[in-house]
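> here are the coordinates; sequence isn't available:
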């Protein structure tokens with residue numbers, strides 16, 4: 001029997017997952033095609049050159065351009081893979097394969113939460129004291145995407161209301 005829940009939850013999960021797939025895909029595309037703009041952001045955060053320059057913290061600074069660029073390329077690769085995983089999740093939701101949609105979307109959303117939560121908020125914000133910088137502080141944007149990803153993850157985990165063949169909920 002089809003109920004409003006069996007139609008709305010997959011629709012909401014698919015559309016919200018697709019929205020984040022589009023967002024992170026555009027972020028990755030922008031970072032690839034305009035490499036220098038956010039490269040400067042990563043370099044300044046890692047170098048800690050716009051923080052309070054407290055001697056007790058400055059030992060954490062990464063000033064090697066090679067390491068800074070490696071970190072930035074790793075971020076771009078992570079964003080690209082997350083976008084592709086979220087696209088797969090969106091595709092499975094759209095095809096009615098709710099279990100697979102949920103699975104792929106969950107992986108992609110967790111990737112975003114790790115990048116923005118552990119990467120930007122914890123490591124960038126606290127370890128590299130990004131919060132101290134007036135010019136290179138991305139904590140608001142990172143927190144926004146972390147929270148949005150969490151909400152979409154919760155929507156993806158809502159029960160659909162019907163069992164898929166072979167699925168044990």
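That came in fine, so what should we check first? Note that the structure is predicted; figures quoted are calculated from it, not measured. Residues are numbered from 1 along each chain as shown.

> Can you name the residues that contact the residue most central in space within the chain?
Centroid-nearest residue in the chain, with Cα atoms, centre = their mean: residue 112, separated by 2.1 Å. The contact partners of residue 112, taken as Cβ atoms under 8 Å, 6 or more residues apart in numbering, are 20, 24, 82, 86, 145, 146, 149. C-beta coordinates here come from the backbone N, C-alpha and C atoms, glycine included.

> how distant is the strand or helix carrying it from the center of its chain?
Per DSSP states H and E, residue 112 falls inside helix 98-113. Relative to the chain's own centre, helix 98-113 is displaced by 12 Å; criterion: Cα atoms, centre = their mean, to the nearest Å.

> List the buried residues in that helix.
98-106, 108-113 (16 or more other Cβ atoms under 10 Å).

> The next helix or strand after that helix relative to helix 98-113, how many degrees between them?
Counting by DSSP H and E, the next helix or strand C-terminal to helix 98-113 is helix 139-157. Taking axes from the mean of the first three to the mean of the last three Cα atoms, to 10 degrees, one finds helix 139-157 and helix 98-113 inclined to each other by 170 degrees.

> List the buried residues for helix 139-157?
139, 142, 145, 146, 148, 149, 150, 152, 153, 155, 156.
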